[in-house]
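Participant: Fold the following.
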Amino acid sequence: MKAAGAHVLVEQEEQDKVTAGGIIIPLNTEEKPRTSGKVISIGEKLKDVEFKIGDVIYFDEYGAVPYEVDGVKILAVPYQNIDAYNEQ
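Facilitator: Residues are numbered from 1 along each chain as shown. Here you go, the predicted structure:
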C-alpha cells in the first residue's frame, strides 16, 4: 500500500488507555486526540518533507483515515495534520 498525494501512511502506535491498576482513562472530549505512528509511506506530493520512512510522526488523529492491511492498523494522515517528528 502506498500513500497518495499529500498523505502519509503510518503504522499507529498503541496508546495506553488503561492504568496498570486496571482503571480506564476516558478521552477528554474537549481535547483533540493526538497520536503517533511510524511512517511507512510518503505521498508523491511530499517529496521535500523533513521526515522519512521509519521516522515517528506526531499528528492530530481527526482527519486520518483508518485501514487494516494483513492485520496491521494503518492510518492515512493528511500532511497538514502532522505536528512533529522524531528521526529514527
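Participant: Can you list the low-confidence ranges for the protein?
Facilitator: Applying pLDDT under 70 to the chain flags residues 14-20, 24-33.
Participant: State which strand of it is the longest.
Facilitator: Identified as the longest strand of the chain according to DSSP state E is strand 34-42.
Participant: Paired strands for it, with orientation please.
Facilitator: Here strand 34-42 is paired, per DSSP bridges, with strand 7-12 (antiparallel), strand 56-60 (antiparallel).
Participant: residue furthest from the geometric center of the chain?
Facilitator: Of all residues in the chain, Gly21 has its C-alpha farthest from the mean position, at 27.4 Å, by CA atoms, centre = their mean.
Participant: if we can go back for a sec, of the strands paired with strand 34-42, flag the one that's most buried.
Facilitator: strand 7-12 (a mean of 22; mean count of other CB atoms under 10 Å). In short, each C-beta sits where N, CA and C put it, glycine included.
Participant: So which residues of the protein form strands?
Facilitator: Using DSSP E, strands in the chain cover 7-12, 34-42, 56-60, 65-69, 72-78, 82-86.
Participant: Need the winner for burial among the ones you listed.
Facilitator: strand 7-12 (a mean of 22).
Participant: Run the angle between that one and strand 72-78 for me.
Facilitator: If you take axes from the mean of the first three to the mean of the last three CA atoms, to 10 degrees, strand 7-12 sits at 150 degrees to strand 72-78.
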